[in-house]
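Trainee: A predicted structure for the sequence below; I have some questions about it.
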Amino acid sequence: MPAQQPRLVTAGRVGRPHGLDGGFRVEAVTHRLTVGMTVSVGGGERVVERVAGTDERPLMRLRGVGDRDAAAALRGEPLLLSELEAPLEDGEWLAGDLEGCLVPGLGRVTRVVGAPSCELLELEDGTLVPLIADAVRSVDLEARRIEVDRRFLGREEAAG
């Protein structure tokens, strides 16, 4: 059986262009980006040529993105890293691993939605569950099961 390819982890998103040489701001940073890393963006792979700014508000330039228009064309695209370069911390999961998990009494997760303050689990009936400790009690990927606090969601179970 062939070796499984490492999965991709979102490290941030291409923001607005900065300067004229193809540089841009990185938004929604989740993993540190360094010169020499390879990122997947806009359907291709690019090498990080420059990183400036701060860890929270980095500016970067990618090989092959040579001017302001090229940077603008990538705006909004996720910057993806191999999970080998950006290992998940405790309490972090890949969206693809959560999709299809059963939330007992509520249904299955159909997708993970990015929101300004946190990620949301969208269930089959359209219910959105914030992916925060107050709402999600546990995630068991092996059992494909996510336990949530129904009281937090305003959906207490009937006594009986």
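Mentor: Nice, thanks for sending it over.
Trainee: quick one: the strands in the protein?
Mentor: 8-17, 24-27, 38-41, 44-53, 58-62, 78-82, 102-103, 107-114, 119-123, 128-130, 136-140, 145-148 (DSSP state E).
Trainee: nearest to W93, of the ones you listed?
Mentor: strand 136-140 (6.3 Å; C-beta to C-beta). The way it works is simple: take the backbone N, C-alpha and C, and place the C-beta from them, glycine included.
Trainee: centre of the chain to that closest one, how far?
Mentor: Offset of strand 136-140 from its chain centre (C-alpha atoms, centre = their mean, to the nearest Å): 18 Å.
Trainee: what helices or strands is that strand leaning on?
Mentor: When contacts are defined as 3 or more C-beta pairs under 8 Å, 6 or more residues apart in numbering; DSSP states H and E, strand 136-140 packs onto strand 145-148.
Trainee: residues in contact with R75?
Mentor: Residues counted as contacts of R75 (C-beta atoms under 8 Å, 6 or more residues apart in numbering) are V14, G15, R16, P17, F24.
Trainee: count residues in the vicinity of the first one, would you?
Mentor: Residues contacting V14 under the criterion other C-beta atoms under 10 Å number 24.
Trainee: thought it was touching L74?
Mentor: Yes: between V14 and L74 a contact is recorded at 4.4 Å, counting by C-beta atoms under 8 Å.
Trainee: returning to what we had before: quick one: which of the contacts of R75 is nearest L84?
Mentor: When those are compared against L84 (criterion: C-beta to C-beta), the nearest one is V14, at 22.0 Å.
Trainee: can you find the helix or strand in this protein with the smallest mean pLDDT?
Mentor: Per-element confidence for the chain was summarised using mean pLDDT, DSSP states H and E. The lowest value among helices and strands belongs to helix 95-98, with a mean of 80.
Trainee: okay, buried residues for that helix please.
Mentor: For helix 95-98, burial by neighbour count (16 or more other C-beta atoms under 10 Å) applies to A95, L98.
Trainee: for the top helix by length along the chain, give the mean pLDDT please.
Mentor: Taking DSSP state H as the criterion, the chain has its longest helix at helix 68-73. Looking at helix 68-73 alone, the average pLDDT works out to 96.
Trainee: one step back: so which of the strands of the chain is nearest A95?
Mentor: If we rank the strands of the chain by C-beta to C-beta, the stretch that ends up nearest is strand 107-114, at 3.8 Å.
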